[in-house]
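S.K.: Below is the sequence, then the predicted model.
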Amino acid sequence: MAANPMQQFKVKTIGPKIELGSFDISFTNSSLFMVLVVLSIVSFFIIATQNKSLIPNKLQLVAEMIYEFVAKMINETAGQDARPYFPFILSLFLFVLFSNMIGMIPYSFTITSHIVVTFALAIVIFFGVTVIGFLKHGIKYLELFVPKGVPKLLLPLIIVIEIISYLSRPISLSVRLFANMMAGHTMLKVFGGFVVSLGLVGGWLPLGFSVALTGLEILVAFLQAYVFAILTCIYLNDALHLHH
Amino acid sequence: MDLKELKNKIKKTNLIKTTSETHKGNAFGIAMRMGTEFVAAVFVASFIGFYLDKWLDTKPILMLIFFFIGAATGILNVVRTSKMINKE
C-alpha cells in the first residue's frame, strides 16, 4: 500500500467549525503546529536562559549562538541602522527554522509547505519594508526605481522593469521557501512508498535514499530559514540606504 | 595585560576568521535563490499584463509585451543576485 504523497499536506479541521462572516476560521492542524512552533521557541529560550552564567552551559550556548548568528547577519547585510529591526528578524528566522525542523519529525505537519503561510510572511515583509522606506526617505524613495546613468530614451522601459523587479520580491521570497519544503517532503514520501511496495527484496535501495534525503532535507530546512532571513535583511538594507 | 593587547592577540589568532568563513559555505542556498528569482519576475509581469489587458480590453497584446519585459527583469534579477553574492 503506497500512500498518496500529497496526503501529508492536507489541512484538517480540529474541533468545532468556527465561521466569521463568510470566512472559515476553524482551528486546523496547521494552526496547531503554528502554536506548537511558537511554544517550542518560547520554552526553548526560557529554559536556555534560566540560570545565566558567564560560562554558559550547552543550552545557553546554543541560544547565544542563535542570537549572535542573527545579529551578525543583520550587521553584515544591513548595517548598524537595522539594529531596531533585530527582534523582528530574529523571530522571523526562528519561526521559519522551527517550523521547518518540526516538519522533519515523522507524522508531523510542515506549515511552511503551504504557499498561503509563506506568502503571508513575505507580503508582511514587503509592505513593512516599503513603509519603512517611505517613512525614512519620503517621496525620494521612488528614486529606487530610477537607476543613475541611464539614457533618457531607455528610462520608461527601465522604470517598468525596476517596478516589476520590486514587485516580484514577495513572490520569489515565498515561492522559494514553499517549493523547497513541499518538493522535499513529497520526495521523501515517494521514496518511503517505494520501500513499502518493493518489500524486503528491493526495498533497501530506496531506504538508503530516504536516509540520505532526510539528511539533505534537514540541511535545506536550515538553509531556507537562513535565506529567508538574509533576504529580509537585504530588502531592509535597500529601504534604509537608498543606493543601487 | 590590558584589553587592547588582548584584542590584538585575539585578532592574530584565526578565531575570528573561522566564524566569517561559514558564510561562504552555502553555495547550495545560492543556487536555489537564482531559479525563483527569474520565474517570479516573469510571473508577476505576465500577471500585470493580463490584468491591464482585461482593463483596457486589448487582449493579448499587453500580456505578450509584459511577458518579455518580465523575462528581461528576471535576467536582471539573476545578474543582480550573482553580483551581490560575488561581492560577499
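M.R.: Yes, it's here.
S.K.: only C-alpha atoms for contact and neighbour calcs from this point on.
M.R.: Will do.
S.K.: how about the strands in chain A?
M.R.: A:19-20, A:23-24 (DSSP state E).
S.K.: which strands and helices sit next to the top helix by length along chain A?
M.R.: If you go by DSSP state H, chain A has its longest helix at helix A:155-202. In terms of contacts (3 or more C-alpha pairs under 8 Å, 6 or more residues apart in numbering or on different chains; DSSP states H and E), helix A:155-202 is packed against helix A:115-137, helix A:204-240, helix B:27-56, helix B:61-87.
S.K.: switch the cut-off to 10 Å
M.R.: helix A:86-103, helix A:115-137, helix A:204-240, helix B:27-56, helix B:61-87 (3 or more C-alpha pairs under 10 Å, 6 or more residues apart in numbering or on different chains; DSSP states H and E).
S.K.: Any idea which of those helices gets closest to residue A:155?
M.R.: Between residue A:155 and those, the tightest spacing by C-alpha to C-alpha is seen for helix B:61-87, at 13.6 Å.
S.K.: Could you check that closest one against chain A for contacts?
M.R.: Yes. For helix B:61-87, a contact with chain A is found by C-alpha under 10 Å from any C-alpha of the partner chain, at B:66, B:69, B:70, B:71, B:72, B:73, B:74, B:76, B:77, B:84.
S.K.: gap between the last one and residue B:34?
M.R.: Think residue B:84. Separation of residue B:84 from residue B:34 (C-alpha to C-alpha, to the nearest Å) stands at 12 Å.
S.K.: Common neighbours of the two, please.
M.R.: Listed as contacting both residue B:84 and residue B:34 by C-alpha atoms under 10 Å, 6 or more residues apart in numbering or on different chains are residue B:78.
S.K.: of those two, who's got more company?
M.R.: Using other C-alpha atoms under 10 Å in any protein chain shown as the criterion, residue B:84 and residue B:34 rank with residue B:34 on top: 20 against 11.
S.K.: you'd agree that one is up against residue B:81?
M.R.: Yes. Between residue B:34 and residue B:81 there is a contact under C-alpha atoms under 10 Å: 7.4 Å.
S.K.: what about chain A, any weak spots by pLDDT?
M.R.: Filtered on pLDDT under 70, chain A yields the residue ranges A:1-2, A:243-244.
S.K.: Leaving out the residues flanking it, which one is nearest to the residue nearest the centre of chain A?
M.R.: Central residue of chain A (C-alpha atoms, centre = their mean): residue A:96, 4.2 Å from the mean position. Setting aside the residues directly before and after it, residue A:96 is nearest to residue A:225 in space (C-alpha to C-alpha, 6 or more residues apart in numbering or on different chains), at 5.3 Å.
S.K.: and that neighbour, how far is that from residue B:61?
M.R.: Residue A:225 is 40 Å from residue B:61, by C-alpha to C-alpha.
S.K.: if you count what's nearby, which of those two comes out ahead?
M.R.: Of the pair residue A:225 and residue B:61, residue A:225 is the one with more neighbours under other C-alpha under 10 Å, namely 21 against 14.
S.K.: Just list the residues touching that one, thanks.
M.R.: Contacts for residue A:225 (C-alpha under 10 Å, 6+ apart) come out as A:92, A:93, A:94, A:95, A:96, A:97, A:98, A:99, A:100, A:101, A:177.
S.K.: Could you count how many residues lie near the closest residue to the third one other than its chain neighbours?
M.R.: Across the structure, with C-alpha to C-alpha, 6+ apart as the measure, the residue nearest residue A:94 apart from its sequence neighbours is residue A:41 (7.2 Å). When neighbours are counted by other C-alpha under 10 Å, residue A:41 registers 17.
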